[in-house]
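Visitor: fold the following and give me the result.
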Amino acid sequence: MAVRRAVDPEKTRAAVAAVADWLRDEHAEDPPRPQVAEAVRSTARTLAAVAPGASVEVRVPPFVAVQCVAGPRHTRGTPPNIVETDPRTWLLLATGLRTIDDAAAAGALQLSGSRARDIAAALPLVALPQ
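Guide: Numbers count the residues shown, from 1 in each chain. The predicted structure is shown next:
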(Lines give C-alpha, C1' and ligand atoms only; values in the text may rest on other atoms or scores of the structure.)
Protein backbone atom coordinates (compact mmCIF):
# COMPACT_ATOMS: atom_id res chain seq x y z
CA MET A 1 0.00 0.00 0.00
CA ALA A 2 1.27 3.49 -0.86
CA VAL A 3 2.30 5.71 2.00
CA ARG A 4 0.53 9.06 2.15
CA ARG A 5 2.81 12.01 2.67
CA ALA A 6 1.99 14.39 5.47
CA VAL A 7 0.67 17.77 4.42
CA ASP A 8 2.36 20.93 5.71
CA PRO A 9 -0.19 23.80 5.57
CA GLU A 10 2.53 26.47 5.59
CA LYS A 11 4.35 24.89 2.67
CA THR A 12 1.07 24.51 0.80
CA ARG A 13 0.21 28.19 1.30
CA ALA A 14 3.72 29.21 0.22
CA ALA A 15 3.54 27.00 -2.88
CA VAL A 16 0.22 28.52 -3.90
CA ALA A 17 1.46 32.05 -3.16
CA ALA A 18 4.37 31.44 -5.53
CA VAL A 19 1.95 30.98 -8.45
CA ALA A 20 -0.75 33.44 -7.33
CA ASP A 21 -0.15 36.00 -10.09
CA TRP A 22 -0.51 33.29 -12.74
CA LEU A 23 -3.78 32.14 -11.20
CA ARG A 24 -5.24 35.63 -10.99
CA ASP A 25 -4.25 36.57 -14.55
CA GLU A 26 -4.37 33.98 -17.33
CA HIS A 27 -2.13 36.25 -19.44
CA ALA A 28 0.60 36.40 -16.82
CA GLU A 29 3.87 34.68 -17.56
CA ASP A 30 3.84 30.98 -16.73
CA PRO A 31 5.66 30.26 -13.48
CA PRO A 32 8.56 27.78 -13.48
CA ARG A 33 7.42 24.17 -13.80
CA PRO A 34 8.80 23.17 -10.36
CA GLN A 35 6.69 25.88 -8.70
CA VAL A 36 3.54 24.71 -10.48
CA ALA A 37 4.35 21.10 -9.59
CA GLU A 38 4.79 21.91 -5.89
CA ALA A 39 1.54 23.89 -5.74
CA VAL A 40 -0.41 21.13 -7.52
CA ARG A 41 1.04 18.30 -5.45
CA SER A 42 0.63 20.03 -2.11
CA THR A 43 -2.97 21.08 -2.76
CA ALA A 44 -3.93 17.64 -4.08
CA ARG A 45 -2.40 16.00 -1.01
CA THR A 46 -4.26 18.50 1.15
CA LEU A 47 -7.49 17.35 -0.52
CA ALA A 48 -6.62 13.75 0.30
CA ALA A 49 -6.03 14.74 3.94
CA VAL A 50 -9.18 16.86 4.24
CA ALA A 51 -11.42 14.31 2.51
CA PRO A 52 -9.80 10.97 3.30
CA GLY A 53 -10.95 7.89 1.48
CA ALA A 54 -10.54 6.10 -1.80
CA SER A 55 -13.81 6.40 -3.68
CA VAL A 56 -12.67 9.26 -5.96
CA GLU A 57 -9.38 9.61 -7.79
CA VAL A 58 -8.23 13.14 -8.63
CA ARG A 59 -5.71 13.30 -11.46
CA VAL A 60 -3.68 16.35 -12.40
CA PRO A 61 -1.25 15.14 -15.05
CA PRO A 62 1.68 15.15 -15.17
CA PHE A 63 2.11 15.98 -11.50
CA VAL A 64 -0.13 13.96 -9.20
CA ALA A 65 -3.02 11.59 -8.67
CA VAL A 66 -4.62 11.17 -5.25
CA GLN A 67 -7.49 9.17 -3.88
CA CYS A 68 -9.98 10.84 -1.60
CA VAL A 69 -13.59 10.93 -0.37
CA ALA A 70 -14.92 8.26 1.95
CA GLY A 71 -17.04 5.55 0.42
CA PRO A 72 -16.67 2.35 -1.54
CA ARG A 73 -13.03 1.58 -2.23
CA HIS A 74 -11.77 0.26 -5.53
CA THR A 75 -8.77 -2.03 -5.58
CA ARG A 76 -8.06 -2.90 -9.21
CA GLY A 77 -8.32 -1.28 -12.58
CA THR A 78 -9.76 2.11 -13.35
CA PRO A 79 -11.55 3.72 -10.42
CA PRO A 80 -15.30 4.28 -10.91
CA ASN A 81 -15.10 7.98 -9.90
CA ILE A 82 -12.45 10.15 -11.55
CA VAL A 83 -11.76 13.87 -11.63
CA GLU A 84 -9.12 14.95 -14.14
CA THR A 85 -7.89 18.39 -15.10
CA ASP A 86 -4.86 20.45 -16.03
CA PRO A 87 -2.61 22.04 -13.39
CA ARG A 88 -3.93 25.61 -13.70
CA THR A 89 -7.58 24.56 -13.53
CA TRP A 90 -6.83 22.40 -10.50
CA LEU A 91 -5.20 25.31 -8.71
CA LEU A 92 -8.12 27.58 -9.60
CA LEU A 93 -10.44 25.00 -8.02
CA ALA A 94 -8.18 24.53 -5.00
CA THR A 95 -8.11 28.27 -4.33
CA GLY A 96 -11.79 28.91 -4.94
CA LEU A 97 -11.22 31.05 -8.04
CA ARG A 98 -13.28 28.59 -10.07
CA THR A 99 -16.08 26.18 -9.24
CA ILE A 100 -16.44 22.55 -10.24
CA ASP A 101 -19.55 23.40 -12.27
CA ASP A 102 -17.86 26.25 -14.16
CA ALA A 103 -14.76 24.21 -14.94
CA ALA A 104 -16.81 21.22 -16.10
CA ALA A 105 -19.08 23.40 -18.26
CA ALA A 106 -16.02 24.96 -19.91
CA GLY A 107 -14.57 21.52 -20.66
CA ALA A 108 -11.54 22.12 -18.44
CA LEU A 109 -12.55 19.43 -15.95
CA GLN A 110 -13.52 15.85 -16.71
CA LEU A 111 -15.76 14.12 -14.20
CA SER A 112 -16.71 10.48 -14.37
CA GLY A 113 -18.77 8.53 -11.90
CA SER A 114 -21.58 9.49 -9.59
CA ARG A 115 -19.27 10.53 -6.72
CA ALA A 116 -16.77 12.65 -8.65
CA ARG A 117 -18.46 15.94 -7.73
CA ASP A 118 -18.16 15.06 -4.04
CA ILE A 119 -14.77 16.77 -3.95
CA ALA A 120 -16.60 20.12 -4.18
CA ALA A 121 -17.49 19.82 -0.49
CA ALA A 122 -13.78 20.09 0.40
CA LEU A 123 -13.00 23.03 -1.88
CA PRO A 124 -11.49 25.57 -1.66
CA LEU A 125 -8.41 24.18 0.07
CA VAL A 126 -6.30 27.31 0.45
CA ALA A 127 -6.88 31.04 0.06
CA LEU A 128 -4.72 33.14 -2.20
CA PRO A 129 -2.73 35.83 -0.44
CA GLN A 130 -4.02 39.37 -0.96
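Visitor: what comes up buried for the longest helix along the chain?
Guide: Counting by DSSP state H, the longest helix found in the chain is helix 33-50. Judged by neighbour count (16 or more other CB atoms under 10 Å), helix 33-50 contains these buried residues: 35-49. C-beta: built from backbone N, CA, C; applies to glycine.
Visitor: equivalent analysis for stretch 107-117, please.
Guide: 108-109, 111, 113, 115-117.
Visitor: I'd like those residues as JSON lines, with secondary structure appended.
Guide: Putting these into JSON lines (DSSP: H, G, I helix; E, B strand; the rest coil) gives the following:
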{"residue": "108", "secondary structure": "coil"}
{"residue": "109", "secondary structure": "strand"}
{"residue": "111", "secondary structure": "strand"}
{"residue": "113", "secondary structure": "coil"}
{"residue": "115", "secondary structure": "coil"}
{"residue": "116", "secondary structure": "helix"}
{"residue": "117", "secondary structure": "helix"}
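Visitor: what ranges does the protein have for its strands?
Guide: Using DSSP state E, the strands of the chain run over residues 56-60, 64-68, 82-85, 109-112.
Visitor: could you dump the ones you listed to CSV with distance to residue 95?
Guide: As requested, the strands of the chain are arranged in CSV below (distance: least, CB to CB, whole Å):
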stretch, distance to residue 95
strand 56-60, 14
strand 64-68, 16
strand 82-85, 13
strand 109-112, 15
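Visitor: count of neighbours near residue 61?
Guide: 11 (other CB atoms under 10 Å).
Visitor: beta partners for the spatially closest residue to it that is not a sequence neighbour?
Guide: Distances taken as CB to CB, 6 or more residues apart in numbering put residue 84 closest to residue 61, at 7.3 Å, once the chain neighbours are dropped. Note on residue 84: beta-bridge partners by DSSP bridges are residue 59, residue 110.
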